[in-house]
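1. Using only what follows, build the 3D model:
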Amino acid sequence: MSKVIMIQGTMSNAGKSFLVAGLCRILKQDGYRVAPFKSQNMALNSFITEEGLEMGRAQVMQAEAAGIKPMVCMNPILLKPTNHTGSQVIVNGEVLGNMSAKDYFAYKKQLIPDIKKAFQKLEEYADIIVIEGAGSPAEINLRENDIVNMGLAEMVDAPVLLVGDIDRGGVFAQLLGTLMLLTEEEKERVKGLIINKFRGDKTILDPGIVMLEEKGQVPVAGVVPYMELALEDEDSLTERFDKKGESCIDIAVIRYPRISNFTDFNVFEQMKEVSVRYITSVSELHHPDMVILPGSKNTMGDLKWMRQNGLEAAVKRLAEEIPVCGICGGYQMLGEVITDPEGVEEGGTLRGMELLPVATELREEKVRCQVEGKLHELGGVFSNLSRLEYVGYEIHMGKTEFLESGKEIQIKNDTLQEKKIMVSDRNKNVYGTYVHGIFDKCGIATAVVQALAKKKGIIIENSIFEDYQSFKEKQYEKLANTLREYLNMEEIYGMLREAHLE
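-> Residues are numbered from 1 along each chain as shown. The predicted model follows:
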C-alpha cells in the first residue's frame, strides 16, 4: 500500500493545490514515486488525457510537479458547473450527465466504489500519494456522505495537514474554528497546521503560534510565505482575473460568466512584454492589441451575455482593426449560427457573431482527444504561424462545419478536421480553433507576440521567449525549495511513516 498524506484547507483558495504540488515535487526530489489525488474536483478548467478522458487541470499541474503524466485516476470525479445550482458530472473521465446540486448530493455516495477503484489504481504506481481536499472539512451541512475531505481521509486512512490563509485575515479563527467543528475522530487525523501566504516579520506572529498550538492541541508544521508563482490555480477564486498590469503588448480576454480553460493564456502571462487582462465590460476593454474569446461551459448563454452588455458589438468593431481569436466555445460564438436541437445548453437556434463562415450544432456527445501536428498556411496578421508545430487537446460539445461563402447556411461535406485554425475570408483578423493549449508551444506564443508587435510598429528586444515547459519547471522548483525551507519536513515525513500502521 502507498503511504498517504492529505492537505485540507479552512476554505477555498487557502493554497491546497500549490501545497500538494510542492510536496509532490519535494518527494520527487527525494527519490520517491509520488502522485497527486483529488476524489472530487469542481472546476471549469479541464484536460484530456492520452486516452481521451477528462480530468481537472489542478491535478495535471500537480502531476507535472511530480514528474509523471496525468492519469484520470488522479481525479475520478469532476464537476463542471453549468449554472448556479447544477453541474455536468464527469466520472472516470466520461460524462455521467447533468445534475442539480440537490440531486448530486443525494447521489454521490454511489460514487464511492469509483473513488476507491481509482485510488487503488494509483497505489499500483506510487510510493506516496498526496491528496487534496476541497473547500473546508468544517462544512457541517455537507458532512454526511462526505467523499472529498474527512470522509475520504477515513476511507484511505490519511493523516491530515490543515492549511489556513493568513493573507485574507483571521487565520487563527479559521484554524481553531475548523478544529472545533470536527468530531473527535476527525480532529485526531489532523497532525499539523500550516499558516499560508504570510507576509512580514514572523517574530510578530510567533506568540500567536504558541497560543494556537495550546488552544488547538495540534502542532504548527510551518508558516509559508506569500509566493509569486505563475502556475495553474483553481478557477473558482483565482486572483489572475484581477491583474491589470500594463505592458507593450495588451491582450484582452473576455471573461464571461462560464469562462473555462483560461489556462490557455498562462503562457502569455509569463512574458514580461505582455499583459493579459480579463474583461467583463465595454468600459474595461479599451483598445487592446488582441481580443480572445476563451472557452465556455455555456456557449449560448455567454454569447447572450456578451450581446446584452455590449461586448459583442465592441469586439466586432475591434475586429476591423485588430486580431480576434476564439477558442472552443469562443470559436463557436464567432460563427454564423449555433443550433442546439438536443437541448445540450438552452435549446433552439442562436445567431452567432457572424465573423467566421462556420456553423455549430451542439450535440450530447462530447469530443475528447489530444491533437498535434503542423498548422496549415494561414493568412492575415498571424501568417507567420504557418507550418508551425502545435500540441493541445479538444474538449467540446458540438460539431462545427464550414459554410459556403455568400450563400444561405448550407453545410459542406468537408469539415475542418485538418484545419486546426480557421481564418475568415472576409476579415483576415478573425481566427478560430478548437485546440486548447495551442499557444503552449513556445514557437507559437512567440510568433503571436512578434506579429502583434510588428502590427503595432514596435520591436521587442530579446523576443525569443523562454520555453513554457522550462518556465513551469523553474516554478515547481521554486515552490518546492520554498516549502522545504518553511515547512517542518521532518514532522511531515514522520506523519508518512505513521500512516497505515494497522
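2. Tell me who's in contact with residue 348.
-> By Cβ atoms under 8 Å, 6 or more residues apart in numbering, the contact list for residue 348 reads 339, 340. Backbone N, C-alpha and C define where each C-beta goes, glycine included.
3. hmm, try it at 7 Å
-> Residue 348 makes contact with residue 340, according to Cβ atoms under 7 Å, 6 or more residues apart in numbering.
4. ditto for residue 222
-> Neighbouring residues of residue 222 by Cβ under 7 Å, 6+ apart: 194, 486, 487, 488.
5. For the last one, list the residues it contacts.
-> When the contact criterion is Cβ under 7 Å, 6+ apart, the partners of residue 488 are 221, 222.
6. And it, how close does it get to residue 495?
-> Relative to residue 495, residue 488 is positioned 10 Å away (criterion: Cβ to Cβ, to the nearest Å).
7. and residue 195, how far is that from residue 113?
-> From residue 195 to residue 113 the distance is 37 Å (Cβ to Cβ).
8. what do you get for residue 496?
-> Distance from residue 496 to residue 113, counting by Cβ to Cβ: 27 Å.
9. Settle it for me: which of the two has more neighbours?
-> A direct count of neighbours by other Cβ atoms under 10 Å for residue 496 and residue 113 places residue 496 higher, at 18 against 9.
10. Using the three-state scheme, assign that one.
-> What DSSP: H, G, I helix; E, B strand; the rest coil gives for residue 496 is helix.
11. Go ahead and confirm it touches residue 23.
-> No. Counting by Cβ atoms under 7 Å, residue 496 sits too far from residue 23 to count as a contact (10.1 Å).
12. and the closest residue to residue 487 other than its chain neighbours, which of the three is it?
-> Distances taken as Cβ to Cβ, 6 or more residues apart in numbering put residue 222 closest to residue 487, at 3.7 Å, once the chain neighbours are dropped. Look at residue 222: counting by three-state DSSP, its state is strand.
13. who does the lengthiest strand in the chain touch, helix- and strand-wise?
-> Counting residues, the longest strand found in the chain (DSSP state E) is strand 358-374. Contacts defined by 3 or more Cβ pairs under 7 Å, 6 or more residues apart in numbering; DSSP states H and E place strand 358-374 against strand 46-48, strand 337-340, strand 389-403.
14. Contacts for the second one next, please.
-> With Cβ under 7 Å, 6+ apart as the contact definition, strand 337-340 has outside contacts at 299-300, 332, 346-352, 359-362, 409.
15. Off-centre distance for that strand?
-> Its chain's C-alpha centre lies 27 Å from the corresponding centre of strand 337-340 when counted by Cα atoms, centre = their mean, to the nearest Å.
16. mind listing what's buried in it?
-> 337, 338, 339, 340 (16 or more other Cβ atoms under 10 Å).
17. I'd like to know how far the third one sits from residue 381.
-> In this case it means residue 339. Residue 339 is 30 Å from residue 381, by Cβ to Cβ.
18. Equivalent analysis for residue 477, please.
-> To residue 381, residue 477 is 36 Å away according to Cβ to Cβ.
19. Can you pull the domain assignment for the protein?
-> The chain is divided into the following domains under automatic domain parsing: 3-231+473-498, 249-459.
20. nearest to residue 460, of the buried residues of strand 337-340?
-> Using Cβ to Cβ, residue 338 comes nearest to residue 460 of the buried residues of strand 337-340, at 37.2 Å.
21. Can you give me the distance of that closest one to residue 397?
-> 11 Å.
22. Need the overlap of contacts for these two.
-> Common contacts of residue 338 and residue 397, defined by Cβ under 7 Å, 6+ apart, comprise residue 362.
23. Dump the buried residues of strand 337-340 to JSON lines, plus distance to residue 252.
-> Converted to JSON lines, the buried residues of strand 337-340 look like this (distance: Cβ to Cβ, whole Å):
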{"residue": "337", "distance to residue 252": "25"}
{"residue": "338", "distance to residue 252": "23"}
{"residue": "339", "distance to residue 252": "29"}
{"residue": "340", "distance to residue 252": "28"}
